[in-house]
Each structure stands twice: as structure tokens, then as C-alpha cells.
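Asker: Sequence and predicted model, in that order:
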Amino acid sequence: MRDAQPESIYLKDYQAPHFVIEETHLRFDLFEDYAQVDSRLVMRRNREQHENVEAPLVLVGKQLELLAIAIDGVRLSDDEYLLEDELLTIHKVSDSFELEISNRIEPQNNTALEGLYKSGGMFCTQCEAEGFRRITYYLDRPDVMSIFTTEVIADKAKYPILLSNGNAIAQGDLENGRHSVSWHDPHRKPCYLFALVAGDLMVKEGSFMTMNGRKVELKIFVEPQNIDKTEYAMDALKRSMKWDEDKYGREYDLDIFMIVAVDDFNMGAMENKGLNIFNSSCVLANPQTATDASYLRIEAIVAHEYFHNWSGNRVTCRDWFQLSLKEGFTVYRDSQFTADMNSAAVKRIEDASIMRTVQFAEDAGPMAHPVQPDSFMEIANFYTVTIYEKGSEIVGMIHKLLGAKGFRKGSDLYFERHDGQAVTINEFVSAMEDANGTSLTQFKRWYKSAGTPVVNVESYYDSAAKTYTLTFNQSCDEPFLIPIELGLIGRNGQDINAELAAGLINKRDAYKKGIFQLTEKEQVLVFTDVKEEPVPSLLRDFSAPIKLNYDYSRDQLMFLMQHDSDGFNRWDAGQNLALDVIYEVMQQFSDGTQPKVDGRLITAYFSVLKRDDIDHAMLAKMLLLPSVSYIGETQDVIDILAINQARSYVQSVLAEALAEKLAELYKKLNVQQSYLPEPEQMAQRGLKNAALSYLLKTDHKKYCDLAVTQFENSDNMTDSMAALASMVNSGYKAQAESALESFYDKWQAEPLVVNQWLAVQAGSAEYGTIENINKLLEHEAFDIKNPNKVRSVIGAFAGQSLINFHALDGSGYQLLADKIILLNQLNPQIASRLVSPLSKWRRYVDSQAQQMKQQLQRIMAQNNLSKDVYEVVSKSLI
Ligand code: 0A1
Ligand code: ZN
């Protein structure tokens, strides 16, 4: 247990800051065993907000060694301030003054990777959300915005590159081989957007001409061995800059934009003003070392961080309860970008899958929270799929409700009205309302309540009256406004252009352009003059983050797979058909009867394979069965082992039945071409490798030979990794062993590739056993202090090797808990994220649930639990 329970912070307690920091002048003197930080803050009381209050000045600082404080050049004596826990209180200050503070920190011992730390041979920072307080005493809150000037001093030979936000304004050599570079950022910003980098780095240069003809220098800094992996990120950056101009009218606002790649990083990347810092896995790629999936991730994350320059930096959050203001909106923007650059339907499928497997699970678990939470203990725990992805879905619903033009009017007004401000989610919605002269009052419920709304739909066809009635019922007593995109499909496979019954047409504009706005607990749509009973296509494009139930027959699902004009629903019909068949097989196993796969599923997959009007990317998606996690998420009580047994059985039956067709497809797609990370080639490889992985689920060794040949001959990581994964995830042990060995031999000097090698084993049913995980944890390639390695081994084990993680003897849970306890001290953010698979223990069959709970209790009993881990574990045990 912790000595004292951490306190929750509440949104309702928000108060404007008592002080404003007009200017922030920082000086960093970096050494191997400490760093000295000298700050000079030009401050004044915030009289606009607190007219007659003489509050003391209270700064926060964490793990700092305070050396000296002075106000207006006069050093403070000990009785003029109080240093207690993480607060530095200066009792008396005037209305405007300059505060100088000197303190020391130890970046070389910072394993939490928050604040200033060392990654390999370089210094770097991570200040969001509350990392700046580990650098110096400050008003570390996003509504305090300041102009930063930063001088960085370090040994010139070891750290030739010294960077911070904005433009370099001075540089010079100093005594003892040291040098100094000063930076000035002309834009006011909160300290969470501060960044500093010092290292021996090489730079990839580029440039971009903005829509108003300003030339921006683009620089990507990496360690020298990675300079050949920067081209794609540079290309993605230029495309992002152009797209944000075209789509949102947003122009970049400094003369230089920098990206730095670091190996030790808790998250994907960080949008520091003008100086984005990236996890190297989210920026470095070349065809030999990166898979198509990595390329796509890089494209999306480069765009995401760049888009934050407007949605996050120019307009920032008033407080951390508004986190989704920047994250939800920016995720929405990057998803639009990815949809524009690649297949929009496939992007929608991927986003909806994350919502339905990961977000719905979070929303049904102990850490469920609204997109605008009411309280938190540790803000780092709230960088969640709810804040990010559900937040993005909400913005997407606003887009659906207002239409593209209305949405753009709203975003223009938002940026114009709030440029340079720190605002709330409410102000975002108000801009959308005001620009469109509409009210979103009921809609705002989405931001304030946790949980996934359920909508049940029933239909009735009156063949005499030729009417078709859809009745919608939503679960929540205080109803949400839910945009439900829908269509009715006639026997010929075409959408019917049905009219609503007259009485309903004007009712709150309930149904327009195929989008029905469900606003009440129960609502009925009656379509007239419907000549034959249609098949309804509901929740097209996954138009709202809800669970929608409609009792489709398997024949109707097959029909939708064939004919739905909406790509998302065509795919979803296939998923629902497969789900239904898997449930049936699960039941057969549980009854002890001979399992039998409904032939209609095989027929449906055959006809998918035969179609030449579906693009490769979509086809690859349609061939995949629902994942074990998703199937689990659809069950009241999750029995991973039973789900896995049924799913694997259905998969092998399909593989056998489709083998010839799949082999033909594989052959057709397996053409020699020089690798390009562009959508068509990626889709082709994706489909080819999906076929290969099915083929290795059959008993025919000749198909494993295909994988071996592909593995040996491939000139790109996508095909090598896919071949390796297909062997690792099948019963071809000897081939898998030898491939794993030669792969490591070849790639051991490339950390990002080795991480993929670790993950493909740790996440597999065959190699992700406890014994193997323990071996991987002891492998020379593993390092518990590196978050990417932790994710590759421990994260992949608990998140993907589900039958091993959920082994009946509880050994998987124990291993995870051991690592959480170890990481709790080293890196609380990473430790806390690992709790997630255990935290949902209540959903699992009882014997497993109890063992998961015991491990949570064991963690809870530890001394010195970090706030991060304490919050998640304690909430899981309530
Ligand atoms: N704002 C960044 C992600 C980020 C969030 C939190 C961090 O530390 C707790 C670090 C990075 C983004 O959305 O890309
Ligand atoms: Zn973000």
C-alpha cells in the first residue's frame, strides 16, 4: 500500500491561475552527472481573473534540488518561502516581478522518461502532461502560456546539436570544449509544449512552401546510423502540411519545423512547438527494416503531431479535463488524412475495430470515464482510447450532423475565435453551433457520460400497405442524439429510394440524406411505397460509436456482404456472419457434439474471393475472421480458451476449403516489383500475406514451403515479417525456429527490427508461452528500461498471446504482475499501462477472474506504489 492515498482532482474545482508568466527565460547547463537549470520568469498577478486577491505564489516542482531563489534580483531568505512536498510557496510577491530560480536535476537517472532525461547518448524532454515540473519550479498547467527563450549549453564534441522550440537566435563556443545555442519561440505556449534536445545527431533536410509563399525549413534529426530511414517521414510531413492547408486552411507559423527521433519514449510522439519529439519506431523506416504497417503508422503519427500545431498548440486546453479538445479533434483530423491518402473504407474499418474491441472494453471496465472526465488522480492515466478515439468519433458525428461545409465553417470559427487561447471542449462545440446557427445541446451528452449506448432495432414490413417500419430503441433513459446512417436494399441489390411517411418527414429533421437522427428513447421510421421487403443496412460507415443490434438472418448477412453499397457495412456483415458461426461452433464444443461449420460461411468467403470489383485492401480485411479479443468483447462472460478453440477451428476449416483459391491468389499477387510504400502495393502485399497466413493453417506442407521461399527471397521487411509470422503462428515448428534464428542473426544491430522479432514471438500462441517469455526477458536484446522493448515482449504477451496469458494455472497473470511491480518504480507510466489487461478481471470466467484479482491485490499490497499504478489498481478492485 501507499502511505497516503493520492487525492483526486476535480473539474468542478477549476480556478483560473493567480499569476501570469509573460516571459520564461531558461538556461540549461548539461553535464554527465547533473544538469543545472536557471530560470528567470517575468510575472504578474492575474488581475483580470482575481481582482482583489493577494494569494501567495505557489509553484510546483518534482524531484528537484533547489539552489537559490531571487525576486527582482534580491535573493530570498529561508523564511520567505516554504518548500513542502512538490510545492514551493513564496509568501509575499508584488503585482509584477521577476522571479529567478536555480535548481539541479539528474537526467541520467531519470527512468520515468518524463521531464529531462537521457535516451542513449542524447538528452531529450517529455513535458506533457506534467513533466515540466521535473525540470524547474513553474506554474505547470496548460492555461499559463508564456514566451520562451532557452539557452542550452553542453560539451560540443558529445552534443554538437542543441535544440529547443522556435528559432535559433545565438550560438557560440565556450571554455572547456563547451558550446551554447539559444532559441526563441515567438508563440505563447504552455510549458507542456516545451522541448529541448542535445545530441550527436545527423539531419535530413527538406523544405515546404506555404500557401502564402513562406519557405519553411524542415529538419529530421536522427542518430547517424538512422539517416537512411528518414525519407518517408519527410514525405509524410510535406503531405500533411499541404493537406492541412487544403482541407482546413491552416498554414504553418514558424520558419523551421523539426522532428527528433529518440529510442526511449513512453508514447508515440509529442507535438512540442516547432520541435516534435518522436519515438523512433514512429518515424524511422526504410523498405528493408520497416513493414507496411510501420509506414502507415509513421504517416499517421507525423500527420497527427503536425496537425497539433493548430489543434493543440495555437488553440490549447484550459485544463487537463479538456484533453480530448486537442486529442479527439487531432485524431479525427489524422484519420481524415489517412482516409484521403489511402482507402477510406479500410481506415473506417480499422478505426471502428479499435473502438469496438479496445474502447468499448475500456468503457465497460473500471477505468471507464467520459470523454471529458470529472476527476482523475494521475492525468497520465487519461491518455486513453476514450479520450483519443471516442473523442475523435464524437467530432466525426458533428461532421456527419453538420455536413462537410458546415463542419469547415465551424472549425474556421473555432481557430479564429480562440487562436492563442487555452479553452474548453464547450468552446469547440459552441463554435460549431454558432457557425451553423444550430444547437448541439443534446449532443453534448456524448462528452459527459461514460459507457457505450446500445440501440436495438426492429423492422416490420406490411406487404398490403407497402410500408416498412423501423423501430429504434436506445438503452439510455436520458437519450443521446445518435446519427444513424442507413439504407434499405431491394432484392436486386440496389438501394431503394424510399420516402418517409408524411407525418414524420419534418419531425426534427429526423431523417436526411440517409442519416437518421435518433433523439428519443424510442423512435419509429415508417417508409412508404416500399414494393418489396428490403434488407436494412444500419449504422453505415459506423456513423456512431454504439452497439447496434438487429436480428439479421445468415442469409441476409450474406446478401449484405454481396450488395451493400457501404464498404464498412459490407465488411461488417461478413464479421457478423463469422461471429454467428463461431458462436455456434463454441456451443457445439461445449455440448461435446461434433463441431460443424455452416457451409454458408465458406460460400460467402468463396464469393468474396471471386469478386474483382473489390480492391485488394478491402478484400484482405474481408478475409480476416473477427479477432479473439473482439469476440470476447461481444460476450457477457469471456472464456478466452473456448473462443480461441472455436475460432481456430473455423479458421482451419475455411483454410482447407479455400486453399486452392487462396494459393492461386497468392501466386497471382506474388510478383517481383521494387518496393514502394504506396497504397496499391501495400494492399497487394496485404492480401497476398493474408492468403499466405491462411494457407499455413492447413496441413499441406507445400504451403509452408511458400512461406520459407518468401522469407528467404524477400527484399523488404513486410514480406519477410509476414512469412516469419505465418510460420511462427502455425504448427511448422522446425521452419519457424530456423527462420527466427537467421532473422535475429541478420538484424541484431537494428533495434526496431529486433523489437518486431521479439513481438512476433511474444504475441504468438506457439512462442508466447511462459517459458519462452522468460527466455525473451533474459535475452540480450531485452531491456526493461526501454518502453518499446517492454511493449514488444510484455505488452505483446498480455495483449495478443491470449491463450498463454490466460493459462489456467494463472502463470501469465503472475508474470505480468511481477513486471508491473518492477516497473512501478522505474517507469510508472509504462507500469500503469500494463495493468489494463488485468483490470478487466470481472469480465472473465470465474476461475480466471479470481486469479487476476489476486494479482491485482498483490500489486496493491506493495510499498511505494506510484500514483499511476495506484489509481488503476485501486479502481479495478473497487
Ligand atoms: N500529445 C501526444 C502524446 C503524448 C501524451 C502524453 C505523453 O506523456 C504522458 C507523451 C506524449 C500526442 O497525442 O501525440
Ligand atoms: Zn495527440
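Answerer: Received, thanks. Ligands and ions are numbered 1, 2, ... in the order given.
Asker: Going by C-alpha atoms from here, please, whenever you check contacts or count neighbours.
Answerer: Fine.
Asker: what's Asn456 in contact with, if anything?
Answerer: Contact analysis of Asn456 by C-alpha atoms under 8 Å, 6 or more residues apart in numbering lists 472-474, 548-550.
Asker: What count of nearby residues applies to whatever residue of the stretch 351-500 of the chain ends up closest to ligand 1?
Answerer: Going by C-alpha to the nearest ligand atom, ligand 1 is nearest to Ala380 of the stretch 351-500 of the chain, at 4.8 Å. Neighbourhood size, Ala380 [other C-alpha atoms under 10 Å]: 19.
Asker: which ones are touching it?
Answerer: 129, 829, 868.
Asker: when you check the residues you listed against the helices, which ones overlap?
Answerer: 829, 868 (DSSP state H).
Asker: quick one, helices of the stretch 451-600 of the chain?
Answerer: Secondary structure of the stretch 451-600 of the chain, counting by DSSP state H, counting those that start in this stretch: helices at 502-505, 554-563, 567-591, 599-610.
Asker: helices and strands of this protein: which one has the lowest mean pLDDT?
Answerer: helix 502-505 (a mean of 60; mean pLDDT, DSSP states H and E).
Asker: How about the residues of the stretch 151-300 of the chain by ligand 1?
Answerer: 267, 269-270 (C-alpha under 6 Å from any ligand atom).
Asker: returning to what we had before: by neighbours, which of the contacts of Ala380 wins?
Answerer: Gln829 (24 neighbours).
Asker: Touching, that residue and Tyr383? I think so.
Answerer: No: Gln829 lies out of contact with Tyr383 (C-alpha atoms under 8 Å); the separation is 10.3 Å.
Asker: give me the number of residues near the residue in the chain that ligand 1 sits nearest to?
Answerer: Ligand 1 sits closest to Met270 of the chain, with a gap of 4.4 Å, by C-alpha to the nearest ligand atom. Met270 has 27 neighbours, counted by other C-alpha under 10 Å.
Asker: Backbone dihedrals for it, both of them.
Answerer: phi -140, psi 140 (degrees, to the nearest 10).
Asker: Show me what from this protein comes close to ligand 1.
Answerer: 128-129, 267, 269-270, 305, 327, 380.
Asker: Quick check: the two most widely separated of those residues?
Answerer: Maximum pairwise distance in these, criterion C-alpha to C-alpha, is 18.1 Å, between Glu305 and Ala380.
Asker: Confirm for me that Ile643 is in contact with Gly632.
Answerer: Yes: judged on C-alpha under 8 Å, Ile643 makes contact with Gly632 at a distance of 7.2 Å.
Asker: could I get the contacts of Ala380 as a markdown table with distance to Ser102 and pLDDT?
Answerer: Formatted as a markdown table, those follow (distance: C-alpha to C-alpha, whole Å; pLDDT from 0 to 100):
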| residue | distance to Ser102 | pLDDT |
| --- | --- | --- |
| Ala129 | 23 | 98 |
| Gln829 | 28 | 98 |
| Asp868 | 29 | 98 |
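Asker: how much space between the closest residue to Gln645 other than its chain neighbours and Asn644?
Answerer: In space, and not counting its chain neighbours, Gln645 is closest to Met586: 7.6 Å by C-alpha to C-alpha, 6 or more residues apart in numbering. Per C-alpha to C-alpha, to the nearest Å, Met586 is found 9 Å from Asn644.
Asker: likewise Val37?
Answerer: With C-alpha to C-alpha as the criterion, Val37 and Asn644 are 55 Å apart.
Asker: Give me the below-cutoff pLDDT ranges for this structure.
Answerer: 1-3, 502-509 (pLDDT under 70).
Asker: how does it divide into domains?
Answerer: With the TED database as the criterion, the domains of the chain are listed as 1-200, 315-447, 454-544.
Asker: gap between the second one and the chain center?
Answerer: Put simply, domain 315-447 sits 13 Å off its chain's centre (C-alpha atoms, centre = their mean, to the nearest Å).
Asker: Please apply the same query to the longest one.
Answerer: For domain 1-200, the distance between its averaged C-alpha position and the chain's averaged C-alpha position is 28 Å (C-alpha atoms, centre = their mean).
Asker: circling back to that earlier point, selecting buried members of the contacts of Asn456 in PyMOL, what would you type?
Answerer: Remark: buried members of the contacts of Asn456, expressed as a PyMOL selection using 16 or more other C-alpha atoms under 10 Å:
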select buried, resi 472+473+474+548
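Asker: now for the contacts of Asn456, which pair is the farthest apart?
Answerer: It's Gln474 and Tyr550 that sit farthest apart of those, by C-alpha to C-alpha, at 12.5 Å.
Asker: Tell me how many other residues surround His779.
Answerer: 11.
Asker: SS state for Lys247?
Answerer: Recorded secondary structure, Lys247: helix (DSSP: H, G, I helix; E, B strand; the rest coil).
Asker: ok, it - how many residues close by?
Answerer: Lys247 has 12 neighbouring residues, counting by other C-alpha under 10 Å.
Asker: what does Phe337 give?
Answerer: By other C-alpha under 10 Å, neighbour count at Phe337 equals 21.
Asker: Name the next helix or strand downstream of the one helix or strand it maps to, please.
Answerer: Under the criterion of DSSP states H and E, Phe337 resides in helix 323-341. The helix or strand immediately downstream of helix 323-341 is helix 344-354, counting by DSSP H and E.
Asker: got the angle for that next one vs helix 567-591?
Answerer: Calculated by axes from the mean of the first three to the mean of the last three C-alpha atoms, to 10 degrees, helix 344-354 forms an angle of 40 degrees with helix 567-591.
Asker: hang on, the earlier thing: can you redo the residues of the chain next to ligand 1 as CSV with distance to Tyr137?
Answerer: Formatted as CSV, those follow (distance: C-alpha to C-alpha, whole Å):
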residue, distance to Tyr137
Glu128, 15
Ala129, 15
Met267, 24
Ala269, 25
Met270, 22
Glu305, 27
Glu327, 27
Ala380, 20
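Asker: any idea how far Leu601 is from Leu623?
Answerer: For Leu601, the distance to Leu623 - C-alpha to C-alpha - is 11 Å.
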